[in-house]
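*Asks:* sequence and predicted structure, then a few things I'm wondering about:
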Amino acid sequence: MSEDIFKMPRMGKSEYDRLVKEQYICRIAFKGEEHPYIAPFLYVFDGRFMYFLSTNYGRKVQYFRDNPSVTVEIENYSPDLSSFGFVVLPGRLVEIDDVGEKSRIRESFVKLIKSKGLSSNVLSALGHSPQEPVEALLTGERTLVWKLAGVKVDEILGLKSHDL
């Protein structure tokens, strides 16, 4: 008796590009001490790069400083899992230092939070009190701004249950 393993279909570039554009939550895997360290992040995508806000404290910051090579995972699935897909993007995080660029990216996060109608509780993951206005993200240095760079198309893995 032969047991054939079913392999999930791969996403084409246009499919995983669409997934990245439509979603706004991902997981980032950092090289930890003994095990990988995985943390959820909000992200914005400008059509070329993904950007992240990170609190300026915690393990993820130290792991980033020790080794900026990461893997980002984004997924989409129906509630009953009848359809699903995910994309895995290996690359490296780069901290944005340019004041103008940081300001533009922070504004993108404010627009994202407002356009998606996200709860003010999301601010707590970004070093701010949920009682603060979302515009608090625009000022201060409670968050670092990171960009995913160095992603090679031939290393991107997108899989799906079927056509999404």
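*Replies:* Nice, thanks for sending it over.
*Asks:* now do whichever strand or helix holds L42: everything it contacts.
*Replies:* In this structure, L42 sits in strand 37-45 according to DSSP states H and E. With contact meaning Cβ atoms under 8 Å, 6 or more residues apart in numbering, strand 37-45 is reached by 20-21, 24-31, 50-54, 59-60, 63, 72, 105, 108-109, 112-113, 122, 125-126. The way it works is simple: take the backbone N, C-alpha and C, and place the C-beta from them, glycine included.
*Asks:* CA atoms of it as PDB?
*Replies:* What follows is strand 37-45 as a C-alpha-only set of coordinates in PDB (Å, rounded to 0.1, in the frame of the first residue of the first chain):
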ATOM      1  CA  TYR A  37      12.100  33.700  19.600                       C
ATOM      2  CA  ILE A  38       8.800  34.500  17.900                       C
ATOM      3  CA  ALA A  39       6.800  37.700  18.400                       C
ATOM      4  CA  PRO A  40       3.700  39.100  16.800                       C
ATOM      5  CA  PHE A  41       4.000  42.500  15.000                       C
ATOM      6  CA  LEU A  42       1.700  44.900  13.200                       C
ATOM      7  CA  TYR A  43       3.300  45.900   9.900                       C
ATOM      8  CA  VAL A  44       2.800  48.300   7.100                       C
ATOM      9  CA  PHE A  45       3.800  47.500   3.500                       C
END
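*Asks:* who does it pair up with?
*Replies:* When pairing is defined by DSSP bridges, strand 37-45 lines up against strand 25-30 (antiparallel), strand 50-55 (antiparallel).
*Asks:* got those as TSV, with distance to V151 columns?
*Replies:* Output for the strands paired with strand 37-45, formatted as TSV (distance: least, Cβ to Cβ, whole Å):
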stretch	distance to V151
strand 25-30	13
strand 50-55	9
